[in-house]
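Novice: this one's sequence-less:
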Ligand SMILES: [Mg+2]
Ligand SMILES: [Zn+2]
């Protein structure tokens, strides 16, 4: 539905693992990762590790090939394609980096389904080394949010997306936010009435929300695996479109017979 903006976290939400850990483990740098962890911000540590990978002869192709093997469940793929075909505006908000995310989404033919990817810039420098730089330049202008890591406040990104979609259109915009991590809590608090948050059950975001669900204005719809993610997301999108176009059950009879079953499901069936 044109009025729905679907915002996906990436690691452990679209793919079923953390892409940083996937690369570190896949290229044999787990021990070094463990040494560096907690000595500096995560984002800075990943940039340092990419430098050490490069020094030890790992190429950008080695990293790309490793990323292509990261597990991405088929239901995540179909959820993204269905949401897109239902007219949603899909965006990624992730604390990974552009190189990882674009490599994986391109590999699965999914990149063009997203109107925007908000993440830490990642680029290959002249020597062939992957650089990962913070989304917010926290040395120059700290974002000031106590909930978020210094390099990225996802809540500020949600504020910006909301401002930009409101400016471009007078139609009501409803947000559906999907995530798993602590960094997804701040943007969840920014959601308003009529928005939905889909936390991955038993992951940090879900625990934060469980501590005091009344702090959120958005409806809470947990999921445990990609199959549940797909089913819940499509149901929420269809609910939104039913509300936004004031469709009634009669709309089912005017839809073409070859429509996808999930699209056909009328509001009354879901409640
Ligand atoms: Mg995540
Ligand atoms: Zn924040």
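Specialist: Noted; the coordinates are in hand. As the structure is a computational prediction, the values presented were derived from the model and not from experiment. Ligands and ions are numbered 1, 2, ... in the order given.
Novice: going forward, measure contacts between C-alpha atoms and count neighbours the same way
Specialist: Fine.
Novice: for the residue in the chain that ligand 1 sits nearest to, which non-adjacent residue is closest in space?
Specialist: Ligand 1 sits closest to residue 11 of the chain, with a gap of 3.9 Å, by CA to the ion. If you skip the residues right next to it in sequence, residue 11 has residue 18 as its closest partner in space, 4.7 Å away by CA to CA, 6 or more residues apart in numbering.
Novice: ok, residue 58 next?
Specialist: Residue 58's closest residue in space is residue 27 (CA to CA, 6+ apart), at 7.9 Å.
Novice: so what's the one you found up against?
Specialist: 58, 62-63, 66 (CA atoms under 8 Å, 6 or more residues apart in numbering).
Novice: so which of these are in helices?
Specialist: 62-63, 66 (DSSP state H).
Novice: which of these count as buried?
Specialist: 63, 66 (16 or more other CA atoms under 10 Å).
Novice: can you add pLDDT and distance to ligand 2 and give the ones in helices among the contacts of residue 27 back as TSV?
Specialist: Formatted as TSV, those follow (pLDDT from 0 to 100; distance: CA to the ion, whole Å):
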residue	pLDDT	distance to ligand 2
62	98	33
63	98	30
66	98	31
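Novice: residue 210: which element?
Specialist: Using DSSP states H and E, residue 210 maps to helix 204-211.
Novice: get me the contact residues on the stretch 1-150 of the chain for ligand 1.
Specialist: Residues of the stretch 1-150 of the chain found near ligand 1 (CA under 5 Å from the ion) are 11-12.
Novice: the same query, at a cut-off of 6 Å, please.
Specialist: 9-13 (CA under 6 Å from the ion).
Novice: all strands for the stretch 101-250 of the chain, in order.
Specialist: Listed in chain order, the strands of the stretch 101-250 of the chain (DSSP state E, counting those that start in this stretch) span 116-120, 122-124, 130-132, 174-179, 196-199, 219-220.
Novice: partners of the third one, with directions?
Specialist: When pairs are called by DSSP bridges, strand 130-132 turns out to pair with strand 122-124 (antiparallel).
Novice: repeat that for the last one.
Specialist: For strand 219-220, the paired strands and their directions (DSSP bridges) read strand 196-199 (parallel).
Novice: which residues touch the partner strand?
Specialist: 175-180, 188, 191, 205-206, 218-223.
Novice: do stretch 144-156 as well
Specialist: Taking CA under 8 Å, 6+ apart as the rule, stretch 144-156 contacts 41, 43, 93-95, 120, 134-138, 142-143, 183-190.
Novice: around ligand 2, which positions in the protein sit nearby?
Specialist: Counting by CA under 6 Å from the ion, the chain sits next to ligand 2 at 145, 147-148, 153-155, 186.
Novice: list just the nearest of these to residue 109.
Specialist: Closest approach between the residues of the chain next to ligand 2 and residue 109, by CA to CA: residue 154, at 25.5 Å.
Novice: distance of the closest one relative to residue 71?
Specialist: Distance of residue 154 to residue 71, given as CA to CA, to the nearest Å: 24 Å.
Novice: which one of those two has more residues nearby?
Specialist: Neighbours were counted for residue 154 and for residue 71 using other CA atoms under 10 Å; residue 154 has more, 27 against 16.
Novice: retrieve the pLDDT associated with the more buried one.
Specialist: pLDDT, residue 154: 98.
Novice: distance check, residue 75 against residue 112.
Specialist: 18 Å.
Novice: between these two, which has more neighbouring residues?
Specialist: residue 75 (17 against 11).
Novice: just the buried positions in the helix of greatest length in the chain, please.
Specialist: Secondary structure assigned by DSSP H gives helix 226-244 as the longest helix of the chain. Under the neighbour-count criterion of 16+ other CA under 10 Å, helix 226-244 has 226-230, 232-242, 244 buried.
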